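Novice: Provide a 3D model corresponding to the input given below.
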Amino acid sequence: MNTLSLFIVSLGLSMNCFGIAIANSSISGKVKAGIPLKTAIAFGLSHFILAFGGYYLGRALHPTVAGVEDWAVFMIFFIIGVKMIAEALLKKPETRVFDINSARVILALSVALGMNALLAGLALGIWHAPIMLAAFAIFSAVSFFTLSGLAGGQHLGMGFAKGVFLLGGALFLLSGLSFVLPKLF
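Specialist: Just a heads-up that it's a prediction; the model follows:
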């Protein structure tokens, strides 16, 4: 897995958080001072930790998929991408609005959004990607886009949030295809 692929994966994961942040900032009312930074750090840390957990699970499962690693990684990224696109098309961003000023909500969203990082980490483990680089890229992108979404969500609006969810799914599909297209042609 090259650096560009790691960048695309971290960007794809961050788009889910970016969309949630935009939706919560644009509808939920006033975001209290300090909440954007706390949320960005919580989302980033959960993605960092769960990517590591998935990575070590993927390393343990590697012997099971030996010889078809590319296809295993493609399937994982395909599942994440299709799930993100389906949610963007079938759910309105308004359904993803919570009281972001609550510490419990921030924690629950951190874990829920981090599940994609767990799956991405699984793929990274199967592929033996450099996990430290990947985890820091994921943490940085997720934190940056979460902070940006909460800070500017009122101006970006719900239509932009839906587009961000679609972009995240498309990035995962693109990343998955990068593993199998060279094998097909």
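Novice: pull the longest helix from the chain.
Specialist: Longest helix in the chain by number of residues, with DSSP state H as the criterion: helix 131-184.
Novice: And residue 1, what's its pLDDT?
Specialist: pLDDT recorded at residue 1 is 62.
Novice: who does the longest helix of the chain touch, helix- and strand-wise?
Specialist: Packed against helix 131-184, as judged by 3 or more Cβ pairs under 8 Å, 6 or more residues apart in numbering; DSSP states H and E, are the following elements: helix 3-27, helix 35-61, helix 69-90, helix 103-127. All C-beta spots, glycine's among them, are computed from the backbone N, C-alpha and C.
Novice: Would you tell me which one of those is buried the most?
Specialist: Mean neighbour counts were taken over those using mean count of other Cβ atoms under 10 Å, and the top value, a mean of 25, falls to helix 3-27.
Novice: if we can go back for a sec, would you turn the helices and strands packed on helix 131-184 into JSON lines with distance to residue 156?
Specialist: Formatted as JSON lines, the helices and strands packed on helix 131-184 follow (distance: least, Cβ to Cβ, whole Å):
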{"stretch": "helix 3-27", "distance to residue 156": "5"}
{"stretch": "helix 35-61", "distance to residue 156": "14"}
{"stretch": "helix 69-90", "distance to residue 156": "15"}
{"stretch": "helix 103-127", "distance to residue 156": "18"}
